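Engineer: Could you work out the structure for the sequence below:
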Amino acid sequence: TQYSFKEVFGTLVVQKELFDVVAKPLVEDLIRGKNGLLFTYGVTGSGKTHTMTGSPGDGGLLPRCLDMIFNSIGPFQAKRFVFKLDDKNGVDVQSEVDALLERQRREALPTPKTPAAKRQLDPEFADMIDIQDHCKVEEVDEDNVYGVFVSYIEIYNNYIYDLLEEAPFDSIKPKPPQSKILREDQNHNMYVTGCTEVEVKSTEEAFEVFWRAGQKKRRIANTQLNRESSRSHSVFIIKLAQAPLDADGDNVLQEKEQITLSQLSLVDLAGSERTNRTKAEGNRLREAGNINQSLMTLRTCIEVLRENQLYGTNKMVPYRDSKLTHLFKNYFDGEGKVRMIVCVNPKAEDYEESLQVMRFAEMTQEVEVARPVDRPLCGLTPGRRLRNQAFREELARKLELRGGPVGAGPEEPSAAELFFQNFPPLPPCELLDINDDQTLPKLIEALEQRHKMRQMLAEEFAKNVLAFKTMLQEFDSSVSSKENYIQGKLAEKEKTITGQKTELERLEKKIKTLEYKIEILEKTATIYEEDKRNLQQELESKSQKLQRQASDKRRLEARLQGMVAETSLKWEKECERRVAAKQLEMQNKLWVKDEKLKQLKAIVTEPRAERPERPSRERDREKALPRSVSPSPAPVAPAAPLRPRRSRSAGERWVDHRPPSHVPTETLLQPRVPRAITVESPSERALARCDRYLLTHQELASDGEIQTKLIKGDVFKTRGGGQAVQFTDIETLKQESPTGRKRRSSPPNPDPTGDGADSEWTDVETRCSVAVEMRAGSALGPGLEHHAQPK
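Structural biologist: Residues are numbered from 1 along each chain as shown. I've put the predicted structure just below:
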């Protein structure tokens, strides 16, 4: 299984390399006034807490972030209590005098705290913050003052607790810690109300707050998979307040609108775990359920955000289902940069959990959050702090020169000294005599000269002031014109930028729409391909089935052909045998009748008186037997059973009506109808073109053989313009077995007297003297009936 990430670190990676790639950009954004969120994610025991805090001698991400912040803003920090956080996730600024009074009031409390600079570091964590890299941000706004505030909370069983809150100690009835609630400020950012936020001035002080006050209170427990398993999600929040200096570069600008408050949240998530592996019971089982539920809610929020961005939908993201996702709602909505470190344990037992973790982490990369807009400029001249610092250094140098030590080198006269040196010197003013009338006039004269010179200087100064005002006005007018020109250009640029942004938004929406369409087409193509594969498989299965059926059919045809050939050969032999037997029988009958006719002729022609005695039937049979060995007479051609009617003209046309169920027979006599139109059912069109009609009818005889009847009729036109058929004749084709029961032409026991020949003759004549003529109304066809007439 392969997963793709922005960066992959091996097992031997050092904390500095991980910090430079992942956390350093977030710290740079924090100092530039942007928010950031960094959290570690993974199964229990995969090293999340170690990645965040580090180990002795090798600090993790949290101490390195603190060290980089204070290395960057160290000389530009405001004095304590200049920035003051309110209860609504905002910040106020107060003058240095008010900050000094608040510091004095705090120091006058009964339990004053020792300053962080004079505090002895705890050796338990001193090695973690002893970072020799001294990493810092290169471009820091030196005209701002900065203040750092830290807070530390944990989310335990979906409740928020303040780890820095100092609850009063009561040994008799200790009170459990109170949970905090989440609220939304005026900028729609979520914050924990009533949370303790401590202002810190160094890395040591900040990490001591984290370690002593917070880390000691965090809930950990021993499980089967981790000796110190985190049972809650911990969140360490670093807030950075910054405000610009005034125009003189000396004091903080007392405008709340110019204050920028940014924060960096470092989250150590509790590890997902399976209770059947950790063997958790009681409270541990409840904690594991809440941990897994909050992580599942985080995953659901990420999936909904991804679906909304990919498909352009507007589904509601369930932030409120968990305190963890509700707290960082504004980050996922685009109020900051989000980074996630996935910790993976290579143990084989964590295989399935690690796959789930990496699958979720890979999916989160597809979620895009909007970047925050840069903060507006304050409009003051940059470099104010440096100019104020240079002025103070110059003033201190001048004061030092004026009040310098004796014996120093010659001093350069100041501007005031040069100005006073231009005045005429005052004469001595001491009056030694009451009658001295020269000292006062000289003094008056000198003062008048000085007054005149002062007036001249005042006039020149007024002229210079007027000229300077004129220059200033001209400069102001030029500056205003330039500002107007610049404003016009800026307005044009803003319009261009707005148009470009609108075009970009339109293109982005179009891209999302096209991506959505492409995905739909891909899904449709996948469905069609699946249907195609299913149809191909079905076609192949049916082709195989047809092939099997065709092979079965060929085998059955071969088998049937063999059976038909065998049956045909058998019946051919049987037919030959029957025909031979029938021919022999008919020859015998014809010979017997010839003999009888000869005897009858002899009796008729012979005189009655000399008539000999008629031989008996037995004697005839005995005489007939020797003749049976004589050569058989030539075979007589078989005749049709019925005598044909008289022929008509050769130009007649017939309608040969043969039903679809007609079965071909193997009789030697087969009907042959010339100039016939063969139909399966009679039609008016066929009857109009012909004048004779032939119906082929088959039925089963009493002996089981197929009997074919050819019913013939004439076609007449009716008065209404149609055609009518009158049946006139029937021909019958039938096969009989020579071994079957046949009707005898004479009685089995003939009378030995002379009346036997007459009776046999009469039987033959009676049978041959009856014909059948078809008339209208007979039962054999529509409207026909039988009529037997002697010929």
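Engineer: Residue 477 belongs to a helix?
Structural biologist: Yes - assessed by DSSP: H, G, I helix; E, B strand; the rest coil, residue 477 belongs to a helix.
Engineer: Low-confidence ranges, the stretch 351-500 of the chain, go.
Structural biologist: Within the stretch 351-500 of the chain, the stretches with pLDDT under 70 are 368-381, 402-431.
Engineer: Quick check: residue 667 touching residue 732?
Structural biologist: No - counting by CB atoms under 8 Å, residue 732 is not a contact partner of residue 667; they are 10.6 Å apart. Quick note: C-beta positions are derived from backbone N, CA and C, even for glycine.
Engineer: who touches both of these two?
Structural biologist: In terms of CB atoms under 8 Å, 6 or more residues apart in numbering, residue 667 and residue 732 are both contacted by the residues residue 708.
Engineer: Got the domain ranges for this structure?
Structural biologist: 15-111+121-168+175-365, 674-731 (the TED database).
Engineer: Which of those sits closest to residue 444?
Structural biologist: domain 15-111+121-168+175-365 (45.2 Å; CB to CB).
Engineer: Show the end-to-end separation of that closest one, please.
Structural biologist: 23 Å (CA to CA, to the nearest Å).
Engineer: I'd like the next helix or strand past the helix or strand harbouring residue 149.
Structural biologist: Using DSSP states H and E, residue 149 sits within strand 144-156. Next helix or strand after strand 144-156 toward the C-terminus (DSSP H and E): strand 159-162.
Engineer: So which other helices or strands are in contact with that next one?
Structural biologist: Counting by 3 or more CB pairs under 8 Å, 6 or more residues apart in numbering; DSSP states H and E, the packing neighbours recorded for strand 159-162 are strand 144-156, strand 179-180, helix 323-327.
Engineer: again, only using 10 Å
Structural biologist: Applying 3 or more CB pairs under 10 Å, 6 or more residues apart in numbering; DSSP states H and E, we find strand 159-162 packed against strand 144-156, strand 179-180, strand 190-192, helix 323-327.
Engineer: Quick one: these as TSV, columns for mean pLDDT too.
Structural biologist: Formatted as TSV, those follow (pLDDT from 0 to 100):
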stretch	mean pLDDT
strand 144-156	92
strand 179-180	90
strand 190-192	92
helix 323-327	92
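Engineer: Output those as JSON lines; include the columns distance to residue 268.
Structural biologist: Putting those into JSON lines (distance: least, CB to CB, whole Å) gives the following:
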{"stretch": "strand 144-156", "distance to residue 268": "9"}
{"stretch": "strand 179-180", "distance to residue 268": "18"}
{"stretch": "strand 190-192", "distance to residue 268": "17"}
{"stretch": "helix 323-327", "distance to residue 268": "12"}
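Engineer: Identify whichever of those lies nearest to residue 544.
Structural biologist: helix 323-327 (56.4 Å).
Engineer: Now do the helices in the stretch 601-750 of the chain.
Structural biologist: 617-627, 684-689 (DSSP state H, counting those that start in this stretch).
Engineer: worst average pLDDT in the ones you listed?
Structural biologist: For the helices of the stretch 601-750 of the chain, the bottom mean pLDDT is recorded on helix 617-627, which sits at a mean of 46.
Engineer: circling back to that earlier point, including mean neighbour count, could the helices and strands packed on strand 159-162 go into CSV?
Structural biologist: Output for these, formatted as CSV (neighbours: other CB atoms under 10 Å):
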stretch, mean neighbour count
strand 144-156, 24
strand 179-180, 17
strand 190-192, 20
helix 323-327, 23
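Engineer: So which of the ones you listed is nearest residue 70?
Structural biologist: strand 144-156 (7.4 Å).
Engineer: any idea how far the nearest residue to residue 7 once chain neighbours are set aside is from residue 65?
Structural biologist: In space, and not counting its chain neighbours, residue 7 is closest to residue 21: 5.6 Å by CB to CB, 6 or more residues apart in numbering. For residue 21, the distance to residue 65 equals 13 Å [CB to CB, to the nearest Å].
Engineer: Between the two, which has more neighbouring residues?
Structural biologist: residue 65 (26 against 15; other CB atoms under 10 Å).
Engineer: The more buried one contacts residue 26, correct?
Structural biologist: Yes - in this structure residue 65 lies within contact range of residue 26 using CB atoms under 10 Å: 7.6 Å.
Engineer: follow-up on the earlier one: may I have the strand holding residue 149 exported as PDB, CA atoms only?
Structural biologist: Only the C-alpha atoms of strand 144-156 are listed here, as PDB (Å, rounded to 0.1, in the frame of the first residue of the first chain):
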ATOM      1  CA  ASN A 144       6.000  47.400  16.900                       C
ATOM      2  CA  VAL A 145       6.100  46.200  20.500                       C
ATOM      3  CA  TYR A 146       5.200  42.700  21.300                       C
ATOM      4  CA  GLY A 147       3.600  40.700  24.200                       C
ATOM      5  CA  VAL A 148       3.400  36.900  24.600                       C
ATOM      6  CA  PHE A 149       0.600  35.100  26.400                       C
ATOM      7  CA  VAL A 150       0.300  31.300  26.900                       C
ATOM      8  CA  SER A 151      -2.600  29.100  28.000                       C
ATOM      9  CA  TYR A 152      -2.800  25.400  28.400                       C
ATOM     10  CA  ILE A 153      -6.100  23.400  28.300                       C
ATOM     11  CA  GLU A 154      -7.000  19.700  27.900                       C
ATOM     12  CA  ILE A 155     -10.100  18.100  26.400                       C
ATOM     13  CA  TYR A 156     -11.000  15.100  28.600                       C
END
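Engineer: now that strand, how far from the chain's geometric center?
Structural biologist: 41 Å (CA atoms, centre = their mean, to the nearest Å).
Engineer: do stretch 63-80 as well
Structural biologist: 47 Å.
Engineer: just stretch 189-207 next, same as before
Structural biologist: On CA atoms, centre = their mean, the centre of stretch 189-207 falls 43 Å from the chain's centre.
Engineer: Buried residues, it. List them.
Structural biologist: 189-192, 195-196, 199-207 (16 or more other CB atoms under 10 Å).
Engineer: in the stretch 1-150 of the chain, which spans are helices?
Structural biologist: Assigned by DSSP H, counting those that start in this stretch, the helices in the stretch 1-150 of the chain fall at 15-18, 24-31, 48-53, 61-73, 96-107.
Engineer: and the angle from the fourth one to strand 144-156?
Structural biologist: In this case it means helix 61-73. Interaxial angle, helix 61-73 versus strand 144-156 (axes from the mean of the first three to the mean of the last three CA atoms, to 10 degrees): 170 degrees.
Engineer: ok and helix 61-73 relative to helix 24-31, angle-wise?
Structural biologist: 50 degrees.
Engineer: what are the phi and psi angles of residue 344?
Structural biologist: Dihedral angles of residue 344 (phi, psi; degrees, to the nearest 10) stand at phi -120, psi 130.
Engineer: Quick one: residues contacting residue 266.
Structural biologist: By CB atoms under 10 Å, 6 or more residues apart in numbering, the residues touching residue 266 are 23, 26, 36-40, 52-53, 60-62, 65-66, 152, 210, 234-238.
Engineer: which among these end up buried?
Structural biologist: Buried among the contacts of residue 266 (16+ other CB under 10 Å): 23, 26, 36-40, 52-53, 60-62, 65-66, 152, 210, 234-238.
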